[in-house]
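> fold the following.
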Amino acid sequence: MLEEIITQLAGGLVNTVIVFTLTLVFSMPLALVVYLGRISRFFPLRALVQLYISVMRGTPLILQVMVVYFGPYYLLGIEISPQYRFYAVVIAFTVNYAAYFAEIYRGGFQSIPRGQREAAFVLGYSRRRTFLTIELPQMFRRVLPSITNEVITLVKDTSLAFAIAYAEMFTVAKQLSAASASMTPFIVAGVFYYVFNLIVSVVMERIEKRMGVYAI
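Predicted coordinates:
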């Protein structure tokens, strides 16, 4: 019985890892674009981005997942296929985490001394070169601890995909628990989440140390 539960949860874990990985791959670069819009001198764009960030941070992620999934049908009358569950989860998680990462980036850029930018201009660096070679690397180095916290939260947030019955690990555990009238699937799933989070924490800690985050 336990072996069967572990086997089925392992299949759900694969889907969890896929959602986790794709969310990071898409949301972190998107967050940089969002940040640039957030500081744009073009007021309509800046206001629109600020509204987007406010909505993403001010509403539950589970609600956003449901809106992305059911929205095409209720708003546009488009038929929803079972395969769309996966895309809906990735889209919802990406746009949500991009908003959070964008604010983390903003804090990182604001912490860089203004004098470094001015010194780069004196040395003949263009605005673009200064951003890419001086500001961007420093920003990532400064915000890595905050990014680590968000990445750890993402591991747990993947369970919210159960709202649209996407077969990630928590959804599978819920189905197994209902079928067997037992808490064992939830306990095993909890162990899996803990191990997954532990691995992510160790990896992020090594990245932080390699980049010298704690160096003064």
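
> I'd like to know which elements the helix ranked longest in the chain is packed against.
As assigned by DSSP state H, the longest helix anywhere in the chain is helix 2-38. Under the contact criterion of 3 or more C-beta pairs under 8 Å, 6 or more residues apart in numbering; DSSP states H and E, helix 2-38 touches helix 43-58, helix 84-110, helix 136-157, helix 169-180, helix 184-210. Yep, even glycine has a C-beta here, placed from its N, CA and C like the rest.

> show me the shaky parts of the chain.
For the chain, the stretches with pLDDT under 70 are 212-216.

> quick one on the thing from earlier: which stretch among the helices and strands packed on helix 2-38 comes nearest S27?
helix 84-110 (4.0 Å; C-beta to C-beta).

> can you name the next helix or strand after the closest one?
Later in the chain than helix 84-110, the nearest helix or strand by DSSP states H and E is helix 114-122.

> chain center to that next one: distance?
Distance, stretch centre to chain centre, for helix 114-122: 32 Å (C-alpha atoms, centre = their mean, to the nearest Å).

> could you check the angle helix 136-157 makes with the longest helix of the chain?
140 degrees (axes from the mean of the first three to the mean of the last three C-alpha atoms, to 10 degrees).

> distance from the chain centre to helix 2-38, please.
For helix 2-38, the distance to the chain centre is 8 Å (C-alpha atoms, centre = their mean).

> one more: stretch 89-107?
Worked out by C-alpha atoms, centre = their mean, stretch 89-107 lies 6 Å from the chain centre.

> now do stretch 195-202
16 Å.

> now stretch 65-80
With C-alpha atoms, centre = their mean, you get 22 Å for stretch 65-80.

> dump it to CSV, restricted to CA.
C-alpha atoms of stretch 65-80 as CSV (Å, rounded to 0.1, in the frame of the first residue of the first chain):
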residue,chain,number,x,y,z
VAL,A,65,-5.1,30.3,-11.2
MET,A,66,-8.8,29.9,-11.5
VAL,A,67,-9.2,33.1,-13.4
VAL,A,68,-6.6,32.1,-15.9
TYR,A,69,-8.1,28.7,-16.3
PHE,A,70,-11.8,29.5,-16.4
GLY,A,71,-11.5,33.0,-17.9
PRO,A,72,-11.2,32.0,-21.6
TYR,A,73,-14.5,30.1,-21.3
TYR,A,74,-16.6,32.5,-19.3
LEU,A,75,-15.2,35.7,-20.9
LEU,A,76,-14.6,34.6,-24.5
GLY,A,77,-16.7,31.4,-24.8
ILE,A,78,-13.6,29.3,-25.7
GLU,A,79,-13.8,25.6,-24.9
ILE,A,80,-11.3,24.5,-22.3
